[in-house]
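Visitor: Can you look at this prediction? I've put the sequence above it.
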Amino acid sequence: MNRWLSPLCAVARTACALVCVALCLGMVSFPAQAIESIELHTDRDAFTPSTFCIDPGTALWEMSHVYIDNREGLPTNSYPELLCRIGRSEWFEWRLGVNYSVGSQGNVVTSVEAGELPVGGNTLYESNFLYGFKLKTSQQDGILPESCFIMEATTPMYGEEFGTEPVATTVFGWEFPAGWRCDAAMRYAYAESDTAWFSRWGPSVVLRLPVTERWEVHAEYFGTFTQGLIDDVNRPFLSPGTHIILGENVELGLRVGWGLTADAANFFSDAGLAIRY
């Protein structure tokens with residue numbers, strides 16, 4: 001039972017600490033009136049996806065370059081982390097993507113899945129194709145959160161592992177009168193290692209704070225926790241980030257993070273771009 005509850009307990013333990021970190025960084029401000037933010041509702045400006053589907057008849061292209069400073073072995077470079085979200089209705093969107101990564105080492109810090117190698121093992125080369133959908137499941141109504149469900153699969157096009165990996169994510173969150181919002185998610189992937197298939201859980205919680213109508217900052221806790229490996233690993237991260245809207249249809253984002261255990265990478269950076277058509 002403890003193995004199943006540990007990811008959820010980790011979120012609960014760190015949620016308060018997350019707010020304290022944001023306060024210390026000077027991120028939190030509570031204006032007298034809510035800031036009317038201009039948002040593209042990107043899914044890759046944090047580990048926690050947005051609770052929104054994009055507007056029907058539009059397409060949102062998200063891409064980034066991720067650098068991960070692994071504690072052992074070579075660092076990981078992951079790009080372009082391309083995700084195309086195609087709006088079908090106010091409650092539904094299609095999702096297609098592609099990515100290439102070198103040296104994954106199992107450190108998952110974005111919505112891109114990776115194989116699992118033993119710590120200090122060989123460098124992992126992967127190229128994946130992603131496909132799936134996102135379904136909005138509720139609107140915020142008092143204490144009832146806004147929520148959505150994401151179902152995806154990734155199929156390797158190149159690499160040592162060739163099994164298609166299903167990934168399911170549930171996201172929920174609240175927007176508060178001051179204009180800030182808190183979102184949380186639980187992600188489950190049935191992933192592949194060099195020896196066997198295993199489960200990977202990914203809990204996360206993020207506090208999003210508008211500074212101006214085009215500039216937002218956030219502080220996030222997330223982690224990945226495996227089940228089914230000979231030596232299961234826990235990789236929690238603490239990660240601040242920011243994004244800025246240029247014009248009406250372009251977003252620039254940056255997030256960094258630090259691993260909180262010996263299993264997690266020392267540091268990562270993620271620089272991204274989103275364009276809406």
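Guide: Received it, and whenever you're ready, just let me know what you need. Residues are numbered from 1 along each chain as shown.
Visitor: Residue 233 touches residue 265, doesn't it?
Guide: No: between residue 233 and residue 265 there is no contact under C-beta atoms under 8 Å: 11.3 Å. From N, CA and C alone the C-beta is placed, and that goes for glycine too.
Visitor: So for the two, which sits in the more crowded spot?
Guide: When residue 233 and residue 265 are compared for neighbours, residue 265 comes out ahead with 22 against 18, by other C-beta atoms under 10 Å.
Visitor: Using the three-state scheme, assign that one.
Guide: Look at residue 265: counting by DSSP: H, G, I helix; E, B strand; the rest coil, its state is coil.
Visitor: That one - nearest residue in space that isn't next to it in sequence?
Guide: Leaving aside its sequence neighbours, residue 265 sits nearest to residue 107 (C-beta to C-beta, 6 or more residues apart in numbering; 4.4 Å).
Visitor: cool, and residue 272?
Guide: In space, residue 272 comes closest to residue 64 once its chain neighbours are excluded; the distance is 3.3 Å by C-beta to C-beta, 6+ apart.
Visitor: now what about the strand or helix carrying the one you found, what contacts it?
Guide: Residue 64 is part of strand 59-69 when elements are defined by DSSP states H and E. If you take C-beta atoms under 8 Å, 6 or more residues apart in numbering as the criterion, strand 59-69 is touched by 40-44, 54, 75-87, 103, 105, 107, 109-110, 112, 253, 265-277.
Visitor: Report all helices and strands that the next helix or strand along the chain from it contacts.
Guide: For strand 59-69, the following helix or strand on the C-terminal side (DSSP H and E) is strand 76-89. Packing partners of strand 76-89 (3 or more C-beta pairs under 8 Å, 6 or more residues apart in numbering; DSSP states H and E): strand 59-69, strand 92-102.
Visitor: Partner strands of strand 76-89, with direction?
Guide: The pairing partners recorded for strand 76-89 under DSSP bridges are strand 59-69 (antiparallel), strand 92-102 (antiparallel).
Visitor: what's the last one in contact with?
Guide: Contacts with strand 92-102, where a contact means C-beta under 8 Å, 6+ apart, come from 53-54, 74, 76-88, 112, 114, 123-136, 150, 152, 157-158.
Visitor: Show me which of the residues you listed are buried.
Guide: Using 16 or more other C-beta atoms under 10 Å as the burial test, those include 53-54, 76, 78-87, 112, 114, 124, 126, 128, 130, 132-134, 136, 150, 152 as buried.
Visitor: Am I right that residue 109 falls within a helix?
Guide: No: with three-state DSSP as the criterion, residue 109 is coil rather than part of a helix.
Visitor: contacting residues for it?
Guide: With contacts defined as C-beta under 8 Å, 6+ apart, the neighbours of residue 109 are 47, 66, 68, 222, 237, 239, 257, 265, 268, 270.
Visitor: Can you select the buried ones from these in PyMOL?
Guide: The buried residues among the contacts of residue 109 can be selected in PyMOL (16+ other C-beta under 10 Å) with this line:
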select buried, resi 47+66+68+222+237+239+257+265+268+270
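Visitor: For my notes, please list the contacts of residue 109 in a markdown table and give distance to residue 58 and pLDDT for each entry.
Guide: Formatted as a markdown table, those follow (distance: C-beta to C-beta, whole Å; pLDDT from 0 to 100):
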| residue | distance to residue 58 | pLDDT |
| --- | --- | --- |
| 47 | 24 | 96 |
| 66 | 26 | 95 |
| 68 | 32 | 94 |
| 222 | 28 | 97 |
| 237 | 31 | 97 |
| 239 | 28 | 98 |
| 257 | 30 | 97 |
| 265 | 35 | 93 |
| 268 | 30 | 96 |
| 270 | 24 | 97 |
